[in-house]
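just a sequence and a predicted model for now, questions to come.
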Amino acid sequence: MSSWIELLTDNFDALASGFWVTCRLVVGSFLLAAVVGALIAALRIAPSKWLQRAGGVYVETFRNIPLLVLLFITYFGLRRAGLPIGTWTAGIAALGLYTAAYVAEVLRSGVFAVSRGQIEAARSLGFDERETLRRIVLPQAVRTVISPLGSITIAMIKNSVIVGGVVALNDLLKESRLIASRTFETEAAFFWAAVGYLLITVAATIAVRRLEQRYAIRR
Amino acid sequence: MGYLLDPDNWEWVITSNNFEFLLEGFLVNLQIALIALVCSLILGLALALGRLSRNKPFAFLVGLWVDVWRNLPVLLVILYVYLAMPTSWREGYEDAAPEFLPDVLQTGQVFAALLALVLYNSAVLAEIMRAGIQSLDRGQNEAAVALGLTYWQRMRLVILPQGLRRMLPATVSQLITLNKDTTLVYIIAIEEVARRGRILTGFNFFGGVEAPLLQVFIVIGLMFIVTNLALSRLSRRLEIRERERSGTTVEPIAGLEDQVVTAEAR
């Protein structure tokens, strides 16, 4: 056990920098997923059948393709096609667009979870459609989706590992693999990587639980 | 866009046996997913029952085991199991692997991949099963106790038939996730579809045809999309049927992206 702690202190800088890369990757992808996910959800609840269908195609495509294959397309694929896409851009694009499909589904279901009676009541009180959406539906929808959005975020944190596996980004797992191949202490190196990931997921779980306690509506 | 649709860049699909080469690789993915699913179901059931055990310290330990594996990234588990597994295990598997399996599945790496996928998925499935069992009305168990059934009789005759049927849609969604996760074994050099895609786009493979990477991986992506769409249709149909029969909804479970979505969409 003491050799494991020694491994941590010896390689602390490398592990910390990997941890930081993973954090930035997760935050960047989360922002992209939130924006794109909201847009796709808007398409899916739009009044036009064609817009709904377009949103549906996006969701079904990105939810059913393996992230690894998506990364190959955005990173190596576009590069071979002559598009000089950066490592960070490719990584965040793949993880963000992949997660956006799940975010869109959750947001859409949140909107549908607001009962019809409320919308009818708002309309009969003289709210127009836009106001009904903004003042009645969305505030409640956001509060119902906190917990499923939290699960998606945690799944995204775990999926961020795949980005480092394909793209040349030295994230936490990549750094610990480098340490493992240098020191031959596979168990210890992977143990600290696992601890790092559990730190992020546990922190995210606690944050989600706090938000839930304050804002969530249970249905 | 011109590059993407240029017929020259699609020629590889009909050249030589490139497409069959990919399709055979995809079959390896499906086989790994199926074998891992069956093993995970068995182990998952044991873990779920362990977690629901009345022996508190034992239930706590099982719960800890489940929560740790469920919350680790799959790729990390795959790499770790592969690197940390003693060579004797791998050789043992190579000797003991049944003959009828295709050659790729008889390699030692596949054993590591299967073990890792089972460790992760059995933990996720254990949670699904636990939710299914706990969603049953308490009265079911109490009535079975009152009738004088033993623990195993209650499980076999009353609890599991109902609980497991409720988790069927969730299991199918987990199969979708598992199917996608099988591409990750690319990283430990198993010749499945992603690895074959790389081979195809390498240097001068198959009579000098170097297939364009973008197009090859779009085709691979389509293979997964078609299979998984069929599975998700199946899952939705099962869920609707189950809801009509029991009037309940499936509980959302962390770590199960697909399930969260189907559970919320009413």
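Nice, I can see it.

which stretches of chain A aren't confidently modelled?
Across chain A, the ranges flagged by pLDDT under 70 are A:1, A:218-219.

look through chain A and tell me its longest helix.
Ordering each helix of chain A by length in residues (DSSP state H) puts helix A:12-44 first.

what about that one, distance to the chain center?
Centroid separation between helix A:12-44 and its chain, computed with C-alpha atoms, centre = their mean, to the nearest Å, is 6 Å.

any buried residues in it, and which?
A:14-15, A:18-19, A:21-23, A:25-26, A:28-30, A:32-34, A:36-37, A:40-44 (16 or more other C-beta atoms under 10 Å in any protein chain shown). C-beta here means a position set from N, CA and C on the backbone, and glycine is covered the same way.

stretch A:62-82 too?
For stretch A:62-82, using 16+ other C-beta under 10 Å, the buried residues are A:62-78, A:80-81.

just checking: which of those also lie near chain B?
Among the buried residues of stretch A:62-82, the residues lying close to chain B (C-beta under 8 Å from any C-beta of the partner chain) are A:63-70, A:72-73, A:76-78, A:80-81.

in helices only, show me the residues you listed.
Among those, DSSP H puts A:63, A:64, A:67, A:68, A:69, A:70, A:72, A:78, A:80 in helices.

what sits against the last one?
By C-beta atoms under 8 Å, 6 or more residues apart in numbering or on different chains, the contact set of residue A:80 is B:201, B:212, B:213, B:214.

between these, which is closest to residue A:173?
Using C-beta to C-beta, residue B:213 comes nearest to residue A:173 of these, at 23.7 Å.

find the closest residue to chain A in the stretch 1-150 of chain B.
Residue nearest to chain A within the stretch 1-150 of chain B: residue B:73 (3.9 Å; C-beta to the nearest C-beta).

I'd assumed residue A:159 was in contact with that residue.
Yes - in this structure, residue B:73 is within contact of residue A:159 by C-beta atoms under 8 Å, at 7.3 Å.

at which residues are the helices of the chain located?
The chain I'm using is chain A. A:2-10, A:12-44, A:49-64, A:67-72, A:78-80, A:87-113, A:116-124, A:129-131, A:138-144, A:146-166, A:172-183, A:186-215.

I was thinking of chain B, sorry if that wasn't clear
B:2-5, B:18-51, B:56-70, B:74-84, B:87-96, B:108-134, B:138-146, B:151-153, B:160-166, B:168-181, B:193-200, B:213-246, B:257-264.

residue closest to the middle of the chain?
Just so you know, I chose chain A. Nearest to the mean C-alpha position of chain A, by C-alpha atoms, centre = their mean, lies residue A:156 at 4.1 Å.

wait, chain B was what I had in mind.
Most central in chain B (C-alpha atoms, centre = their mean) works out to residue B:178, at 2.6 Å.

rewinding a little: and the residue nearest to the centre of chain A, what does it touch?
Residue A:156 makes contact with A:26, A:29, A:30, A:33, A:95, A:99 under the criterion C-beta under 8 Å, 6+ apart.

the third one against residue A:102, yeah?
Read that as residue A:30. No - in this structure residue A:30 lies outside contact range of residue A:102 using C-beta under 8 Å: 11.8 Å.
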